[in-house]
Structures are given as C-alpha cells and as structure tokens.
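>>> need a 3D model of the sequence below.
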Amino acid sequence: MLINGIDTDLIVMAIWGVIFAIFVLKLFQSICLVPTKSAYIVERLGKYHSTLDAGFHALIPFLDKVAYIHDLKEETIDVPPQECFSSDEVNVEVDGVIYISVTDPVKASYGITDYRYAAIQLAQTTTRSVIGTLDLDRTFEERDVISAKVVEVLDEAGSMWGIRVHRYEIKNITPPETVKNAMEMQVNAERERRALLAKSEGDKQSKINRSEGVMAETINRSEGEMQRRINEAEGKAQEILTLAKATAESIERLAVVISSEGGQSALRMQLGEQYMKQLDGLSKPDSRIVLPGNLVNFEYWMQSIGLKDDKK
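Numbers count the residues shown, from 1 in each chain. Below you'll find the predicted structure:
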C-alpha cells in the first residue's frame with residue numbers, strides 16, 4: 001500500500017524488525033555469567049529481587065536488571081594523608097591503608113551509598129581522635145593501638161554496611177620539619193650519650209680486668225713462692241732427718257762393732273792408718289810438722305786416741 005508515494009508495508013516491516021532486534025539484544029543481555037568471588041544484585045521493576053552468585057544465570061528481559069556488582073575479594077583502600085594534632089599540640093601528617101571485603105552484598109548496596117568512601121572517612125576521624133590522646137613520641141610507638149582502635153570502630157559500622165575490615169595499617173607519620181630536626185638532634189645526642197657511656201663502661205671494665213689480672217698474678221706468684229719455700233723447707237727437713245737417721249744408724253752400727261770382740265783393736269788400727277796417711281802427706285818438701293813442746297803430753301795424746309798402748 002502506497003500512501004503519498006510511501007510504501008507503508010515496508011515501514012511496518014522495518015518497525016517490526018527493529019523491535020525484534022531489540023528483543024534479541026535484550027534476550028542476550030538477560031544471560032548473565034557471574035565470575036568467581038563476585039555477587040550481582042538483581043532488581044525487578046526497580047525493587048531488589050535476588051543476589052546472583054558465581055555461575056550462569058538468565059534474567060527476564062525488560063523486567064530484571066543488574067543494579068550493583070560487588071567484588072567479594074579482599075581489597076585495599078588507601079587513606080589519604082591528613083593533619084592530626086597530638087596531645088602536646090604537635091601537628092603531624094598521617095596516612096594509611098585499609099583492608100576490607102564485602103560480606104553482605106545487599107547491605108553494601110542498599111545500606112550505604114559508597115562504603116569505600118565511608119570507610120575512609122571513618123578511619124580518618126578515628127585516627128585523629130586516637131592521636132589526639134597521645135604524645136608525639138608515643139604516636140610512633142603506639143601504631144598498633146591506633147590500628148586496633150580504627151579496626152574496632154570500622155568493624156562496628158561495617159556490620160551495618162555489609163563489609164568486614166580485616167586490618168588497618170598506618171603507612172607514615174610525618175611531623176613538621178622543625179620537630180623532625182629537633183627529634184634528629186635528640187636522637188643524635190642520645191646516641192652520643194650511649195656511646196660515651198659504653199666507652200666509659202668499657203674503660204672501667206678494662207681497668208677492673210687489668211687490676212684483677214695483676215692481683216691474680218701477684219697472688220699466684222706469692223703462692224708459688226710460698227709453695228717453693230715450703231717445698232725447700234720440707235726438703236731440707238727431710239734431708240736433715242735422713243742424715244740424722246743415717247748418722248744414728250752408723251753410730252749404732254759402730255757401737256755394735258766396737259763392743260764386739262776385736263772391735264777396739266780394729267778401730268785403733270783404722271785411726272792409725274788415717275794418722276799415717278796424714279803424716280805421709282806432710283812429708284813433702286814444702287810441708288811443715290808442728291810437734292808439741294812437751295813430748296810427754298804428746299804421748300798422752302796418742303794414748304787418748306788409741307795410737308799407743310799405755311800398758312806397754
């Protein structure tokens with residue numbers, strides 16, 4: 001049919017062709033493949049209908065649509081640097097990182113507009129409040145306390161947002177340049193003080209060790225000298241005892257020999273031999289013999305030593 005030179009059948013066929021193409025496109029779009037560790041929030045006619053887990057799903061064209069897509073894997077969110085005041089009125093700049101994951105896709109979709117932005121803001125405010133109760137020196141030491149407090153607050157709010165905060169880590173705490181220079185000077189002074197203290201302790205210990213060594217050496221020498229003298233005295237005493245014992249034994253044996261038969265004659269003979277040996281030594285040209293002035297006394301002396309028999 002021609003109307004004003006236009007074929008209306010062709011127009012109708014074109015319209016139906018467009019409608020069919022749109023229907024086919026929507027039919028393909030209704031096929032939904034959800035990857036692992038993901039969740040799709042489906043709305044039907046603008047109202048929440050279901051949550052699609054990993055796998056193949058088919059939606060009703062023109063009625064169902066995927067309104068929100070959530071990644072269920074743990075993700076990191078950087079917390080931008082912010083200025084905080086410590087309890088001693090020092091301005092420091094703090095930044096960090098949050099590790100969170102979605103546990104309830106429905107609450108994460110409808111419980112809050114943007115849970116990532118909300119977590120960042122809550123982490124910043126909590127960090128400011130915690131640092132405000134600490135001194136500057138303690139802010140560097142109490143990072144675990146700050147992180148634990150932020151995680152506690154975020155977990156409490158995250159239960160309503162469908163998220164879980166695993167941990168919060170402070171990356172940097174940056175004080176002003178003037179405070180940083182003062183802290184560096186303080187650290188250097190403390191390091192020098194420790195070095196001087198360690199050196200003095202080392203010198204003190206060295207002197208103590210040296211004096212103890214000298215004392216030990218002196219004691220050892222004195223003990224050695226004492227032991228040497230004791231050993232010498234004991235040796236001399238043992239020598240005297242041995243000589244005395246030998247002399248006593250020789251005297252006892254000599255007394256036994258003299259008291260036996262013929263003992264006195266043998267003694268006189270031995271003494272005579274010794275006397276003759278001495279006289280023989282005096283017979284040399286340079287020798288001198290001294291005789292007593294009174295020969296009677298000389299004969300008496302010979303009788304006393306047994307060289308002459310007074311009976312003859």
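>>> helices or strands next to whichever helix or strand S50 is part of in the packing?
Assessed by DSSP states H and E, S50 sits inside strand 47-52. If you count contacts as 3 or more CB pairs under 8 Å, 6 or more residues apart in numbering; DSSP states H and E, strand 47-52 packs onto strand 38-44, strand 64-71, helix 105-110. Any C-beta I mention is one placed from the backbone N, CA and C, and that applies to glycine too.
>>> could you redo the last one with a cut-off of 6 Å?
With contacts taken as 3 or more CB pairs under 6 Å, 6 or more residues apart in numbering; DSSP states H and E, strand 47-52 sits against strand 38-44.
>>> and the strand it packs on, how far from the chain's centre?
From the chain centre to the centre of strand 38-44 is a distance of 55 Å (CA atoms, centre = their mean, to the nearest Å).
>>> what are the ranges of the helices in the chain?
Taking DSSP state H as the criterion, the chain contains helices spanning 8-29, 105-110, 115-131, 136-141, 143-161, 177-259, 263-281, 295-305.
>>> can you put these in TSV and add mean pLDDT?
Output for the helices of the chain, formatted as TSV (pLDDT from 0 to 100):
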stretch	mean pLDDT
helix 8-29	76
helix 105-110	91
helix 115-131	90
helix 136-141	80
helix 143-161	87
helix 177-259	82
helix 263-281	66
helix 295-305	52
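>>> looking at those, which is closest to V42?
Among the helices of the chain, helix 105-110 comes nearest to V42, with 10.6 Å by CB to CB.
>>> buried sites along the closest one?
For helix 105-110, a neighbour-count test (16 or more other CB atoms under 10 Å) marks 105, 107-109 as buried.
>>> ok, now which ones touch the closest residue to G55 other than its chain neighbours?
The shortest distance from G55 to any non-neighbouring residue, by CB to CB, 6 or more residues apart in numbering, is to V34 (5.9 Å). Contacts for V34 (CB atoms under 6 Å, 6 or more residues apart in numbering) come out as 40, 52, 54-55.
>>> nearest to A248, of those residues?
Proximity to A248 was ranked across the contacts of V34 by CB to CB; first place goes to A54, at 119.0 Å.
>>> for the closest one, give me its contacts.
A54 makes contacts with 34, 36, as judged by CB under 6 Å, 6+ apart.
>>> buried sites along stretch 153-170?
Judged by neighbour count using 16+ other CB under 10 Å, the buried positions of stretch 153-170 are 153-154, 157-158, 161-165, 168-170.
>>> just how off-centre is it within its chain?
Its chain's C-alpha centre and that of stretch 153-170 lie 37 Å apart, by CA atoms, centre = their mean.
>>> ok, now stretch 162-180?
29 Å.
>>> what sits up against it?
Applying CB under 6 Å, 6+ apart, the contact partners of stretch 162-180 are 90, 92-104, 107-108, 111, 115, 139, 143, 147, 150-151, 154-155, 158.
>>> buried subset of those residues?
Among the contacts of stretch 162-180, those buried by neighbour count (16+ other CB under 10 Å) are 90, 92, 94-96, 98, 100-102, 104, 107-108, 111, 115, 139, 147, 150-151, 154, 158.
>>> circling back: quick one: strands adjacent to the strand holding S50?
Take DSSP bridges as the rule and strand 47-52 pairs in its sheet with strand 38-44 (antiparallel).
>>> return the set of buried residues in the partner strand.
38-43.
>>> report the two of those separated the most.
Pairwise distances among the buried residues of strand 38-44 were taken by CB to CB; the largest, 16.9 Å, belongs to S38 and E43.
>>> before we move on, the earlier item: mind checking which of the helices of the chain is nearest K47?
helix 105-110 (10.8 Å).
>>> now what about that closest one, what contacts it?
With contact meaning CB under 6 Å, 6+ apart, helix 105-110 is reached by 39, 41, 51, 68, 70, 102, 115, 162.
>>> from R44, how far out is H57?
Applying CB to CB, to the nearest Å, the value for H57 to R44 is 13 Å.
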